[in-house]
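Undergrad: Task: produce atomic coordinates for the following.
(chains A and B)
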Amino acid sequence: MKQLHPQFGFNTLAVHAGTAPDPATGARSFPIYQTTSYVFDDADHAASLFNLQAPGFIYSRLTNPTVAALEEKLATLEGGRGGTVTSSGQAAETLALFPLMAPGMEVIVANKLYGGTINLMGKSYQKFGWNAIFVDSENPEAFRQAVTKKTRAIFIESLANPGGVVVDIESIAKVANEAGVPLVVDNTMATPFLCQPMEWGADLVVHSTTKFLSGQGNAVGGVVIDSGKFTWLENSKFPSLSTPSPEYNGLTFAETFGDLAFTMYSHAISLRDLGCSQSPMNAWITLNGIETLPLRVERHCSNGLTVAKFLEKHPSVEWVSHAGLESSPYYKLGKKYMPDGTGSVFTFGVKGGYESGLKMLESVELFSHVANIGDTRSLILHPASTTHRQLTEEQRIAAGSGPEVIRLSIGIECAEDIIADLDQALRSLG
Amino acid sequence: MPGFTYLDHNSYSDSYILQILRNVQNIAMVGASATWNRPSNFAMKYLLQKGFQVIPVNPSAVGKKICGETVFPDLTSLPGSVDMVDIYRPAQEAPQLVEESIEIGAKVFWMQLGIRSNEAAQIAEKAGLQVVMDRCPKIEFSRLFGELGWNGINTGVISNRRQRI
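TA: The predicted structure follows:
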């Protein structure tokens, strides 16, 4: 793992980064700054803030102290220069691409993704004139072949939803680098505790913080983290960052803010205009969640692998897709990119197809049937009838969500209790 | 100079930068721009607000005022000594500017974000000056005194103390 701080290790940073005692009161638990706006000292101070000449708070759609603490914590844990927290993971994807894309431009996208992302990029982005070019996640060469003069970004998931697929980040980063565009990696399923995509060449990392980061299924949120390493001024592909912004009096973000440019732009323009900022309350819940991220993810991983091994031997199970199993085609990539574990979200195929899948959901007694992952509770879902329902059959199969597929998100309960519940549900299929 | 070791200018400790920013009171800013939306003007305005005395040096702006301060044509025409010289000029001008900084008794020679000159650094360090290169004093001040995190920036600061700005 990359060294994130000259003095402190990951677990220490998960607790302390971004959350020094409150400067105003000394409060040790970071306060919830539940306010929309902030008084200016005087007219000149207000002007300095609006001109971006001085750091400070104007309005909570742009910046808020509790949200900023979360941004700094997440940027630290990913080894990034800065972070921008958003109202959801979906919003984070749009915010990551907003400074890069323009009508007619293209983003090359892995085909194994969360179903909601496939919809967002494949359909909704067409309304902006942004073209998503889907390519085989498993073939870095396919990414290279898809590069055109209009390419502005490459988007992948490190550990792909619904599960078990590890993507070759380093090889795809090389393609992005040669194309002169940023690589955006969704690291939701792995978390920075298991994988830090920037170590392998990612320029931007996005998360749904709703999942393992907040950790208890109680706060929707997202984040974009910038490595600060992409040289926006080196080519003319990214005028948002490399040419003067009229609304900020001709200021050029990449020139004035150097490696802070993307993060400054994301607050001063993207959040200002798109308005997808996170509430201070959700940011506070997520800050607290991240303090225990290392402990939880260790348990999630050990429980996840134990359950996957159990299922692999079960007579009612056709197959199990978990990158921690030696039978998995992604086992080697998993060892490289996520040596401490490949998460606790994975899929398996139940014998009997679609009908058996639905029956299984109705037979579990401990697992919760919900459209979420990364909760302390064990969760179960049939992607074909829910999260991936709005895709075509072809897209569903490409995304690993065929009719027989069940997705599990293994929680931090006792592994034997989780196994007993799955066993009784599988036996009920007859 | 036998046994003389130069500072590693690829990474500075937070305490090195902090100690400079705490001890400096007067800063000569070479290349300060009279155009209000240039980066050097941003930095000058910010440092003035934080209580530093900043003296703009810019031969093409003599006769004007920048952020309300009188502009001088070069370092050697400053009326008194300064603690720090902060340059917004190309790296090839840095060695000459170091010589002038030594002449006027500056204790710190600071080169802006994007400006690196090992030659200038070695001349300055041999003369006993402290050197910072490829950094912005505005960003460093706001990073180390807790303001930069307000914009979601990773400051690298881990602290169990209440920050006083």
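Undergrad: and the gap between the residue of chain B found nearest chain A and residue A:82?
TA: Distances between chain B and chain A by Cβ to the nearest Cβ are smallest at residue B:152, namely 3.2 Å. Backbone N, C-alpha and C define where each C-beta goes, glycine included. Going from residue B:152 to residue A:82 by Cβ to Cβ, to the nearest Å gives 5 Å.
Undergrad: Mutual contacts of those two, please.
TA: A:71, A:75, A:263 (Cβ atoms under 8 Å, 6 or more residues apart in numbering or on different chains).
Undergrad: Which one's more surrounded, residue B:152 and residue A:82?
TA: residue B:152 (33 against 29; other Cβ atoms under 10 Å in any protein chain shown).
Undergrad: mind listing what the nearest residue to the more buried one once chain neighbours are set aside touches?
TA: Spatially, and ignoring its direct neighbours in sequence, residue B:152 is nearest to residue A:71 (3.2 Å; Cβ to Cβ, 6 or more residues apart in numbering or on different chains). Going by Cβ under 8 Å, 6+ apart, residue A:71 touches A:18, A:82-85, A:223, B:149, B:152-153.
Undergrad: In JSON lines: these, plus pLDDT.
TA: Converted to JSON lines, those look like this (pLDDT from 0 to 100):
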{"residue": "A:18", "pLDDT": "96"}
{"residue": "A:82", "pLDDT": "97"}
{"residue": "A:83", "pLDDT": "98"}
{"residue": "A:84", "pLDDT": "98"}
{"residue": "A:85", "pLDDT": "98"}
{"residue": "A:223", "pLDDT": "98"}
{"residue": "B:149", "pLDDT": "79"}
{"residue": "B:152", "pLDDT": "91"}
{"residue": "B:153", "pLDDT": "90"}
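Undergrad: who wins for neighbours among those residues?
TA: residue A:85 (36 neighbours).
Undergrad: Please report the distance of residue A:69 from chain B.
TA: 7 Å (Cβ to the nearest Cβ, to the nearest Å).
Undergrad: Might one say that that residue is in contact with residue A:21?
TA: No - between residue A:69 and residue A:21 there is no contact under Cβ atoms under 8 Å: 11.3 Å.
Undergrad: Looking at the two now, which is surrounded by more residues?
TA: Legend: neighbour count by other Cβ under 10 Å for residue A:69 and residue A:21, higher for residue A:69 (27 against 16).
Undergrad: so what's the closest residue to that one other than its chain neighbours up against?
TA: Counting by Cβ to Cβ, 6+ apart, residue A:69 lies nearest to residue A:18, which is 4.4 Å off, once chain neighbours are set aside. Residue A:18 makes contact with A:30, A:68-74, A:76, A:287, B:149 under the criterion Cβ under 8 Å, 6+ apart.
Undergrad: quick one: secondary structure of residue A:18?
TA: Secondary structure, DSSP: H, G, I helix; E, B strand; the rest coil: residue A:18 is coil.
Undergrad: Give me the distance between it and residue A:228.
TA: 16 Å.
Undergrad: What's the local residue count around the nearest residue to residue B:130 once chain neighbours are set aside?
TA: Leaving out its chain neighbours, the residue that sits closest to residue B:130 by Cβ to Cβ, 6+ apart is residue B:108, at 4.8 Å. Residues near residue B:108, counting by other Cβ under 10 Å, number 21.
Undergrad: List the backbone torsions phi and psi for residue B:108.
TA: Per-residue torsions, residue B:108: phi -130, psi 130 (degrees, to the nearest 10).
Undergrad: likewise residue A:346?
TA: phi -160, psi 170.
Undergrad: and if you look at the one 3 residues further on?
TA: Listed backbone geometry of residue A:349 is phi -100, psi 130, with angles given as degrees, to the nearest 10.
Undergrad: Okay, and the nearest residue to it once chain neighbours are set aside sits in which element?
TA: Among residues not flanking residue A:349 along the chain, residue A:318 sits closest, at 3.8 Å (Cβ to Cβ, 6+ apart). According to DSSP states H and E, residue A:318 maps onto strand A:317-321.
Undergrad: How about residue A:22?
TA: With DSSP H and E as the test, residue A:22 turns up in no helix or strand.
Undergrad: For it, grab the count of nearby residues.
TA: So residue A:22, with other Cβ under 10 Å, has 18 neighbours.
Undergrad: And for residue A:394?
TA: That count, for residue A:394 with other Cβ under 10 Å as the rule, works out to 8.
Undergrad: residue contacts, it?
TA: Neighbours of residue A:394 in contact, by Cβ under 8 Å, 6+ apart: none.
Undergrad: hmm, back to that, the residue nearest to residue A:349: neighbouring residues, count only.
TA: 14.
Undergrad: Verify the stated contact: it with residue A:351.
TA: Yes - when contacts are counted by Cβ under 8 Å, residue A:318 is listed as touching residue A:351 (5.4 Å).
Undergrad: got any residues that touch both of those two?
TA: In contact with both residue A:318 and residue A:351: residue A:404, using Cβ under 8 Å, 6+ apart.
Undergrad: Point out where chain B drops to low pLDDT.
TA: Flagging of chain B using pLDDT under 70 yields the residue ranges B:1-3, B:164-165.
Undergrad: just the strands in it please.
TA: Listed in chain order, the strands of chain B (DSSP state E) span B:26-30, B:53-57, B:65-66, B:69-70, B:84-87, B:108-111, B:130-132.
Undergrad: Tell me which of those strands is the most buried.
TA: strand B:84-87 (a mean of 28; mean count of other Cβ atoms under 10 Å in any protein chain shown).
Undergrad: next one: it to chain centre, how far?
TA: Its chain's C-alpha centre and that of strand B:84-87 lie 4 Å apart, by Cα atoms, centre = their mean, to the nearest Å.
Undergrad: can you tell me if that strand touches chain A.
TA: No - applying Cβ under 8 Å from any Cβ of the partner chain, one finds strand B:84-87 out of contact with chain A, separated by at least 15.5 Å.
Undergrad: Please apply the same query to stretch B:34-44.
TA: Yes - with Cβ under 8 Å from any Cβ as the criterion, chain A is reached by stretch B:34-44 at B:36-37, B:39, B:42.
Undergrad: Can you mark which positions in that stretch are buried?
TA: B:34, B:37-44 (16 or more other Cβ atoms under 10 Å in any protein chain shown).
Undergrad: residues contacting residue A:255?
TA: Per Cβ under 8 Å, 6+ apart, neighbours of residue A:255: A:233, B:39.
Undergrad: Where does it sit, in terms of helix or strand?
TA: Using DSSP H and E, residue A:255 falls within helix A:253-257.
Undergrad: for stretch B:99-119, which positions count as buried?
TA: So stretch B:99-119, judged by 16+ other Cβ under 10 Å, has buried residues B:100-102, B:104, B:106-113, B:115, B:117.
Undergrad: no, scratch that, I was asking about stretch B:75-83
TA: Those would be B:75, B:78, B:82-83, for stretch B:75-83 by 16+ other Cβ under 10 Å.
Undergrad: and residue A:43, what pLDDT?
TA: We have a pLDDT of 89 for residue A:43.
Undergrad: mind checking how far it is from chain B?
TA: 14 Å.
Undergrad: and that residue, how many residues sit next to it?
TA: Close neighbours of residue A:43, defined as other Cβ under 10 Å, add up to 8.
Undergrad: on that earlier part again, and the contacts of residue A:71, which is closest to residue B:140?
TA: Among those, residue B:153 lies closest to residue B:140 (Cβ to Cβ), at 11.8 Å.
Undergrad: ok, and the closest non-adjacent residue to that closest one?
TA: Using Cβ to Cβ, 6+ apart, the closest residue to residue B:153 is residue A:82 (4.3 Å).
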